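> coordinates for the following, if possible.
(one chain, ligands or ions: 1)
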Amino acid sequence: MKGCAPWDAEAAARIIEEHRGRQGAALPILRALQECFGYVDKAAVPMIADALNVSKAEIHGIITFYHDFRAAPVDGDVLKLCRAESCQAMGCEDLVAHLAAEHRIVADQHSPGATLRVETVYCLGNCALSPAALLNGDPVGRLNRSRIDSIVHDASGGA
Ligand code: FES
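Have a look, this model is predicted:
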């Protein structure tokens, strides 16, 4: 995982300060916090609201509207699997079914005991390498069942 986890209020304050002058600053701040810590800690909500002079409800609304933001750290690896048109044509839904059937990992759900979390995204701009994904932020392409099996295997530490 890239980033600067665990949660650190001072680091968060620096990130907020860095982005607060931008147009529509809430989104870039939230993205930067998640990139750094792997999630958006609830303690960040009042900090962002104060910095941008908006209500906490407004910030909370943005977090819940964009499903990409996580409220808690993720244990293990994150595979953001594209399920948009080109990747669908190249079999991403088969990979989703394979993950569920063979590895008991259900996309966009907490899968107890799994060290890989699979999240749906829609077009990563990497359609030429469909089915495409981001593994802990790094692009991976031309996925197939055996590459998915290796990703799951590696996420579990090779167990
Ligand atoms: S449709 Fe999947 S990367 Fe574009």
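
> in this structure, which residue is closest to the centre?
The central residue of the chain, meaning the one whose C-alpha is nearest the mean C-alpha position (C-alpha atoms, centre = their mean), is residue 68 at 5.6 Å.

> got the buried residues for stretch 57-67?
With burial defined by 16 or more other C-beta atoms under 10 Å, the residues of stretch 57-67 counted as buried are 59, 62-63. Quick note: C-beta positions are derived from backbone N, CA and C, even for glycine.

> check whether stretch 87-102 contacts the ligand.
Yes: where contact is defined by C-beta under 6 Å from any ligand atom, part of stretch 87-102 touches the ligand, namely residue 87.

> element containing residue 81?
Under the criterion DSSP states H and E, the helix or strand holding residue 81 is strand 77-82.

> elements contacting that strand?
helix 92-103, strand 116-121, strand 133-135, helix 145-155 (3 or more C-beta pairs under 8 Å, 6 or more residues apart in numbering; DSSP states H and E).

> any weak-confidence spans in this protein?
Within the chain, the stretches falling below the threshold (pLDDT under 70) are 1-5, 158-159.

> got the contact list for residue 112?
In this structure, residue 112 makes contact with no residue, judged by C-beta atoms under 8 Å, 6 or more residues apart in numbering.

> number of nearby residues for the nearest residue to residue 90 once chain neighbours are set aside?
Setting aside the residues directly before and after it, residue 90 is nearest to residue 130 in space (C-beta to C-beta, 6 or more residues apart in numbering), at 3.9 Å. Close neighbours of residue 130, defined as other C-beta atoms under 10 Å, add up to 22.

> doesn't residue 83 make contact with residue 130?
No: in this structure, residue 130 sits apart from residue 83 without contact. The criterion is C-beta atoms under 8 Å, and the distance is 10.5 Å.

> residue 102: neighbour count?
Residue 102 has 12 nearby residues by other C-beta under 10 Å.

> over to residue 110?
There are 10 residues near residue 110, going by other C-beta under 10 Å.

> spatially nearest residue to it (excluding sequence neighbours)?
The spatially closest residue to residue 110, leaving aside those adjacent along the chain, is residue 117, at 7.8 Å (C-beta to C-beta, 6+ apart).

> and the gap between that neighbour and residue 56?
Relative to residue 56, residue 117 is positioned 27 Å away (C-beta to C-beta, to the nearest Å).

> who has more neighbours, the two?
Taking residue 117 and residue 56 together and counting by other C-beta under 10 Å, residue 117 has the greater number of neighbours (21 against 14).
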